[in-house]
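Trainee: need a 3D model of the following:
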Amino acid sequence: MKPLESPALPGAILSFDFDGTLHDPAGKPPVSPRFFATIERLRREKGALWGINTGRSIGHVAEGLADCRFPFVPDWVVAREREIWLPTSSGRWEPLEPWNNQCEQDQHRFFKEVHHILEAIRREVEEHTGATWIEQPGDPAGLVARTVEEMAWIIGRVEALAAEEPFLGWQRNSIWLRFGHTKYQKGSSLMEVARHFGLTHLQTFAIGDSHNDFEMLSPEAAAMFACPSNAVPEIRKHVTSQGGHACLLDHSEGCVEALEHFFGTPA
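Mentor: Numbers count the residues shown, from 1 in each chain. Sure, this is the predicted structure:
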């Protein structure tokens, strides 16, 4: 798989969360063919560059694209909510530098500074819940709860224990949570993507369904933003209150609905 032919002049950035937004595991197919047709149309009409903005690793993204048999790859990927990757002509993915390197340096330094807070959170979680604490390369602090209700309780304790450190953030998607510096999340990464391609938030569109999409579903990151009908209630409330578009359709059909809302329907 390769990306579409590059537009002569980029005119828009399109950002899609993957799991729960673009991708429906119960769908047949998981991503509607109408989505790809719409992307091709907006490439011709608007010079649109599209990408996936996800909590998945870049390897997991590549697997998802292959499993769903995408006819072409994205023009860019934000992986783990912070790493930016660009496709090569040979089908490989290369990191965008110096962004990725600076991100990892900042994250590594920051985790050392807030180690005591994370240890306090870990003790609280392991003592009072059945959640699993996760440590892995690149993500030294995260957890998986057993239920959404358990995660809600955990979030309350995290907010209390992390109150003294304004730069300690976390990205949540259902029962999964990843800690990190508030400087690096889907919104800031999306703004860097736009800057890389010579555009701004005014030419940026974003759509997402879960808690880790809050930062990119904002006027500061994307002047045009939406959520599919299957979005969690907190996201739907946020999108409507901030002037975005809450779709009537779910998953990739919702993505098409949102794109047509902001960019127009086929002639």
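Trainee: look at residue 178 and give its secondary structure.
Mentor: With DSSP: H, G, I helix; E, B strand; the rest coil as the basis, the three-state label of residue 178 is strand.
Trainee: which element, helix or strand, includes the closest residue to it other than its chain neighbours?
Mentor: Nearest non-adjacent residue to residue 178, counting by C-beta to C-beta, 6 or more residues apart in numbering: residue 142, 4.3 Å away. Every residue, glycine included, has its C-beta placed from N, CA and C. Assigned by DSSP states H and E, residue 142 falls within strand 139-144.
Trainee: show me the domain layout of this structure.
Mentor: Residue ranges of the domains in the chain are recorded as 12-81+185-263, 100-181, according to automatic domain parsing.
Trainee: tell me how many other residues surround residue 266.
Mentor: Per other C-beta atoms under 10 Å, the neighbour tally for residue 266 reads 8.
Trainee: helix, strand, or coil at it?
Mentor: At residue 266, secondary structure determined by three-state DSSP is coil.
Trainee: any idea how far the closest residue to it other than its chain neighbours is from residue 248?
Mentor: Spatially, and ignoring its direct neighbours in sequence, residue 266 is nearest to residue 41 (6.2 Å; C-beta to C-beta, 6+ apart). In this view, residue 41 and residue 248 are 21 Å apart by C-beta to C-beta, to the nearest Å.
Trainee: between these two, which is the more surrounded one?
Mentor: When residue 41 and residue 248 are compared for neighbours, residue 41 comes out ahead with 18 against 10, by other C-beta under 10 Å.
Trainee: what pLDDT does that one get?
Mentor: Turning to residue 41, the model gives it a pLDDT of 98.
Trainee: tell me if I'm right that it and residue 265 touch.
Mentor: No - under the criterion of C-beta atoms under 8 Å, residue 41 lies out of contact with residue 265, with a separation of 9.7 Å.
Trainee: and the closest residue to residue 32 other than its chain neighbours, what helix or strand is that in?
Mentor: Counting by C-beta to C-beta, 6+ apart, residue 32 lies nearest to residue 252, which is 4.3 Å off, once chain neighbours are set aside. For residue 252, the enclosing helix or strand under DSSP H and E is helix 251-263.
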